[in-house]
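# Structural data only, the sequence is not supplied:
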């Protein structure tokens with residue numbers, strides 16, 4: 001992002017900001033920028049966490065095996081024990 005700006009460019013930007021806002025206002029602006037950036041990152045992280053997870057593909061054989069296992073369990077629990 002800032003690969004085209006060299007050290008002199010950064011110094012120039014800092015000097016212009018210092019002249020525009022003054023030495024008392026710069027720390028306040030830096031804190032506000034930091035808070036804004038932190039809130040943006042947290043919001044982006046929340047949005048990424050809300051995305052649906054990829055679902056495991058279910059094959060019809062798996063469903064049949066699971067259903068037969070459930071029916072075996074229900075049949076064995078309804079039979080009186082000897």
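Now that the structure is in, tell me what you want to look at. From a predicted model like this one, the values you see are computed outputs, not experimental measurements.

# which sections of the chain are below the confidence cut-off?
Applying pLDDT under 70 to the chain flags residues 1-2, 51-82.

# ranges for the helices of it?
Counting by DSSP state H, the chain has these helices, from start to end: 7-21, 26-50, 60-78.

# okay, now residue 12: neighbour count?
A total of 12 residues lie near residue 12 under the criterion other C-beta atoms under 10 Å. In short, each C-beta sits where N, CA and C put it, glycine included.

# now it: how far from residue 35?
26 Å (C-beta to C-beta, to the nearest Å).

# Next: residue 7.
Residue 7 is 27 Å from residue 35, by C-beta to C-beta.

# out of those two, which sits in the more crowded spot?
Using other C-beta under 10 Å as the criterion, residue 7 and residue 35 rank with residue 35 on top: 10 against 7.

# and the gap between that one and residue 42?
From residue 35 to residue 42 the distance is 11 Å (C-beta to C-beta).

# and if you look at residue 34?
From residue 34 to residue 42 the distance is 13 Å (C-beta to C-beta).
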